[in-house]
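J.: Could you look at this predicted model? Sequence included:
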Amino acid sequence: MFLRSFTVAKGKTEGQYMSVAAIYKELKPKYGATLVGNSLISFGRKLKNIDGITHRHSSNGTEYLIVRRY
């Protein structure tokens with residue numbers, strides 16, 4: 001589901017950093033029932049395991065560098 005709506009940024013000038021909660025909030029209306037039962041913690045673990053994804057730690061928690069697909 002993540003890769004249908006977002007792609008991994010190839011560089012720091014491409015895309016934007018988003019928190020796990022912000023990404024989840026965008027996916028929930030699109031995929032509703034398929035996200036039921038997934039906690040933010042388990043969703044964050046899945047994001048962390050995506051090959052090539054860049055992340056940073058901030059006051060909002062872990063943020064991932066991604067590009068929205070339209």
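T.: Looks like it arrived, so ask away.
J.: In terms of pLDDT, where does the one residue sitting closest to the centre of the chain sit?
T.: Of all residues in the chain, the one closest to the mean position by CA atoms, centre = their mean is residue 23, 4.5 Å from it. Note for residue 23: predicted pLDDT of 90.
J.: Okay, it and residue 45: tell me how far apart.
T.: Distance, residue 23 to residue 45, by CB to CB, to the nearest Å: 13 Å. No exception for glycine: its C-beta is placed from N, CA and C like everyone else's.
J.: thinking again about what came up before, just checking, the residue nearest to the centre of the chain touches residue 47?
T.: Yes. Between residue 23 and residue 47 there is a contact at 7.1 Å, judged by CB atoms under 8 Å.
J.: Can you pull the residues that touch both of those two?
T.: 2, 64 (CB atoms under 8 Å, 6 or more residues apart in numbering).
J.: Neighbours of residue 41, how many?
T.: 8 (other CB atoms under 10 Å).
J.: Where does it sit: helix, strand or coil?
T.: Judged by DSSP: H, G, I helix; E, B strand; the rest coil, the three-state class of residue 41 is helix.
J.: can you check residue 32 too?
T.: helix.
J.: which of the residues in the one helix or strand residue 46 maps to are buried?
T.: Under the criterion of DSSP states H and E, residue 46 resides in helix 40-48. By neighbour count on 16 or more other CB atoms under 10 Å, the buried set for helix 40-48 is 43, 44, 47.
J.: Give me the longest strand you can find in this protein.
T.: strand 61-68 (DSSP state E).
J.: What pairs with that strand, parallel or antiparallel?
T.: Counting by DSSP bridges, the strands paired with strand 61-68 are strand 6-8 (antiparallel), strand 16-19 (antiparallel), strand 54-58 (antiparallel).
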